[in-house]
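Peer 1: Below are the sequence and a predicted model for it; my questions follow.
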Amino acid sequence: MKIFFIFLLILFTVISCKTETKDVKPTVETVKQNLPPIPKSIILFGEKVSLEDEDIRERLDREIMANAYFHSQTILNMKRAARYFPVIEPILKEQNLPNDFKYLPIIESNLANVTSPAGAKGYWQFMPETGREYNLLIDDEVDERYNMSKATRAACNYLKNAKDSVGTWMLATAAYNRGIGGIKSDMKWQEATHYFDMDMNGETARYLLRFIAVKLIMENPEKYGFDLKKIELYKPFQTESVSVAAPIENLALWAKERGINYKILVKLNPWILGNKLTKNLSSFTLLLPAKNMNLKPYAAYN
């Protein structure tokens with residue numbers, strides 16, 4: 001009798017599983033997004049780059065999947081790019097750098113003013129000593145690594161110096177991650193002159209491939225499952241510039257006198273570290289919201 005009941009229990013379990021499986025219908029969430037095939041080549045920094053090598057394709061495939069399926073961050077990058085690319089692109093053109101370098105701060109910081117575990121800061125992720133070397137002011141009152149315009153110019157100068165040292169924009173990009181000295185050392189002992197011919201540390205080996213993956217996705221979002229028509233892109237801030245000619249001992253009060261508040265002031269000027277500006281005044285321009293910009297104290301909306 002005991003064996004009979006065990007048999008009935010097993011039979012009931014099998015029937016239940018089959019019934020549950022039969023009732024499950026595929027949904028949008030359970031259907032895997034199909035990615036387009038990796039192209040055989042890409043135009044990068046104005047030059048044709050072959051992507052036919054099997055090692056390159058597999059490494060690039062990893063980076064494409066990592067970004068295409070990380071929907072929340074990739075969508076945020078697209079939203080932020082609509083705001084910050086209009087700032088970055090004219091500077092790249094002015095500095096005679098390829099427009100593709102606008103993707104570098106996405107690789108570095110996801111276009112956000114973040115701090116790395118090593119202490120690199122800002123959109124372009126400068127370490128303190130490198131930032132100062134490239135004329136970014138860093139003290140107890142300000143940190144220009146958080147200034148998009150100034151940090152972009154500093155990054156341009158670094159990349160130009162790197163290209164002069166290592167020979168190509170691709171290697172200069174790798175040097176942004178590894179350091180110019182590190183790339184030159186790898187080139188020397190490996191007797192190699194092309195990024196794709198070199199064995200590098202894990203992070204630098206992925207760096208340019210991630211750059212290419214982001215470029216492919218950002219330039220062809222629909223192919224990778226991103227409908228920009230349904231994504232609310234962030235608009236560039238509309239601002240007015242005010243030159244600082246005299247010390248400001250209380251920025252919160254200064255902002256209030258101009259119809260905004262400290263929170264809005266540092267939103268537009270994230271390089272401000274505290275509540276005063278008393279040093280190096282000749283180099284500072286503060287951005288305030290234009291009259292038609294919806295950056296106002298909360299009471300203004302009531």
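Peer 2: Thanks, I have it. Residues are numbered from 1 along each chain as shown.
Peer 1: Pick out the residue closest to the middle of the chain.
Peer 2: Computing the C-alpha centroid of the chain and ranking residues by CA atoms, centre = their mean puts Ile106 first, at 1.6 Å.
Peer 1: what sits against it?
Peer 2: With contacts defined as CB atoms under 8 Å, 6 or more residues apart in numbering, the neighbours of Ile106 are 77, 81, 214, 218. C-beta here means a position set from N, CA and C on the backbone, and glycine is covered the same way.
Peer 1: what residues are up against Ile231?
Peer 2: Neighbour list for Ile231: 75, 78-79 [criterion: CB under 8 Å, 6+ apart].
Peer 1: and if we set it to 10 Å?
Peer 2: Contact analysis of Ile231 by CB atoms under 10 Å, 6 or more residues apart in numbering lists 75-76, 78-79, 82, 221.
Peer 1: Quick one: the helices in the stretch 51-200 of the chain, in order.
Peer 2: Remark: helices assigned in the stretch 51-200 of the chain by DSSP state H, counting those that start in this stretch are 54-68, 71-94, 104-109, 128-133, 148-166, 169-178, 180-190.
Peer 1: So which of those is nearest Asn294?
Peer 2: Across the helices of the stretch 51-200 of the chain, Asn294 has its closest neighbour in helix 71-94 (13.8 Å, CB to CB).
Peer 1: Give me the distance between that closest one and the centre of its chain.
Peer 2: With CA atoms, centre = their mean, to the nearest Å as the basis, helix 71-94 stands 8 Å off its chain's centre.
Peer 1: Show me which residues of that helix are buried.
Peer 2: In terms of neighbour count (16 or more other CB atoms under 10 Å), helix 71-94 has its buried residues at 74-81, 84-85, 88, 91-92.
Peer 1: Can I get these in a markdown table including distance to Asp140?
Peer 2: Below are the buried residues of helix 71-94 laid out as a markdown table (distance: CB to CB, whole Å):
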| residue | distance to Asp140 |
| --- | --- |
| Thr74 | 37 |
| Ile75 | 37 |
| Leu76 | 31 |
| Asn77 | 32 |
| Met78 | 36 |
| Lys79 | 33 |
| Arg80 | 29 |
| Ala81 | 32 |
| Tyr84 | 27 |
| Phe85 | 32 |
| Ile88 | 28 |
| Ile91 | 27 |
| Leu92 | 31 |
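Peer 1: and these, which two are the farthest apart?
Peer 2: Set against one another by CB to CB, those have their most distant pair in Ile75 and Ile91, with a gap of 25.2 Å.
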